[in-house]
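Student: build me a structure from this.
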Amino acid sequence: MKDKNFTYEKSGVSIKKADKFVKYISTSTKKSKKSGHFKNIGGFGAITRLPKIYKNPYLVTSTDGVGTKIEVANHLNKFDTIGIDLVAMCVNDIIVQGAKPLLFLDYISVDQINIKKLKNIIRGIIKGCKLADCELVGGETAEMPGTYSKGKFDIAGFCLGLVNKDKILLNKINEKDLVLAIPSSGLHSNGYSLVRHIIKKKKINLKKNSFLKKELMIPTKIYAMHVLELIKKKYLNACANITGGGLKDNIKRIIPDNYCAEINLEKIKTLKIFRWLKSQGISDQEMLKSFNCGVGFCLIVKHSNFKKIIRFFPKKYKPYVIGKITKNSEKVKLSGKVTW
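Tutor: From the prediction side, this is the model:
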């Protein structure tokens, strides 16, 4: 006998809730849209006009997530900033090539739709897009019962940016250039599996630890506005987003053959959260490999541009010198010891 009571709703998927959420996103993004010419949210695809200011445009794309920072957000029931992290992880990568973020799309997968939680996530994404001066034009919310356990979710982002050919930051590094560090806001979105492992092993009650509760949910700093202004002024030779792998692994990605970024670790201005992590018994090598240690972004500039550059940043994120470019085949050479 055929069971006429089989429905998508009974399988754990609520199309009504999904439609309600899409309407919320559409209403929220209208307030931040710059063009207003196209209705993108809720359609099959997003339509975006190519800005006329680009004479010889190149597309730069990036996709990323926020790793197990999601687990901390779930544990603390705090979802209003994780969207900023998502935008930052994508946007901070494309500005390395000199690209101006143009549009952003998100992917959210959940066990079941929780409107309140999803609204908080989307608010963060919209705020992140505002900080990066780009537009949320679409995305996907997937309700996947049986794939995720109760309350679990994941998010991913995709960013597209544009850069004129003459503004692309590739192979412009010269001997005697300075390596500048821009401070991070904290852990950003890297190393959280190690942090959570420490919390579990040390039996730390995260909800009752006010210091960790605050520090672990500080959103990733978005560097787009400042860095793009420097590129516009032609003050930068290169830059690097310091994410997983730390200083060495990320800086070496932008160093040309036969050049070396010599970094003096004693110059790094660490933050309290990294000093706390170090005090838990993590080696210096592991700290530098797993975390940004207080350096969220690096700039490589001519010595003569240094004083011009620091004027563009507020006190909290003012760049400072941590190294220089020399002729060497090693690409990155670390010396000294971080002061924890």
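
Student: what is the three-state secondary structure of the spatially closest residue to Gly65 that is not a sequence neighbour?
Tutor: Spatial nearest neighbour of Gly65, excluding adjacent residues (CB to CB, 6 or more residues apart in numbering): Ala156 at 4.7 Å. C-beta: built from backbone N, CA, C; applies to glycine. Taking DSSP: H, G, I helix; E, B strand; the rest coil as the rule, one finds Ala156 in the strand state.

Student: now do Ala156 against Leu247, distance only.
Tutor: From Ala156 over to Leu247 the distance is 26 Å, taken as CB to CB, to the nearest Å.

Student: okay, now the unreliable bits of the stretch 1-150 of the chain?
Tutor: Flagging of the stretch 1-150 of the chain using pLDDT under 70 yields the residue ranges 1-4, 6-43.

Student: ranges for the helices of it?
Tutor: Along the stretch 1-150 of the chain, counting by DSSP state H, counting those that start in this stretch, helices occupy 15-30, 69-76, 82-94, 115-132.

Student: next one: the stretch 201-340 of the chain
Tutor: 210-215, 224-232, 246-251, 272-279, 284-290, 306-310.

Student: can you list those in a markdown table and add mean pLDDT and distance to Asp106?
Tutor: Formatted as a markdown table, the helices of the stretch 201-340 of the chain follow (pLDDT from 0 to 100; distance: least, CB to CB, whole Å):
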| stretch | mean pLDDT | distance to Asp106 |
| --- | --- | --- |
| helix 210-215 | 98 | 25 |
| helix 224-232 | 95 | 17 |
| helix 246-251 | 96 | 24 |
| helix 272-279 | 98 | 27 |
| helix 284-290 | 97 | 26 |
| helix 306-310 | 96 | 32 |
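
Student: deepest of the ones you listed, which one?
Tutor: Of the helices of the stretch 201-340 of the chain, the one with the most neighbours on average (mean count of other CB atoms under 10 Å) is helix 246-251, at a mean of 21.

Student: and the contacts of that helix?
Tutor: With contacts defined as CB atoms under 8 Å, 6 or more residues apart in numbering, helix 246-251 is touched by 179, 240-243, 261, 263, 288-293, 295, 298, 331-332, 334.

Student: just the C-alpha atoms of stretch 84-98, please, in CSV.
Tutor: Backbone C-alpha positions of stretch 84-98 (Å, rounded to 0.1, in the frame of the first residue of the first chain) are rendered in CSV as follows:
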residue,chain,number,x,y,z
ILE,A,84,32.5,38.5,9.3
ASP,A,85,35.2,35.8,9.6
LEU,A,86,33.8,34.1,6.5
VAL,A,87,34.0,37.3,4.4
ALA,A,88,37.5,38.2,5.8
MET,A,89,39.0,34.8,5.0
CYS,A,90,38.0,35.2,1.3
VAL,A,91,38.5,39.0,0.9
ASN,A,92,41.9,39.1,2.6
ASP,A,93,43.2,36.6,0.1
ILE,A,94,42.1,38.4,-3.1
ILE,A,95,43.5,41.8,-2.0
VAL,A,96,47.0,40.2,-2.0
GLN,A,97,46.8,40.3,-5.8
GLY,A,98,45.6,43.9,-5.7
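
Student: nice, that's everything, thank you.
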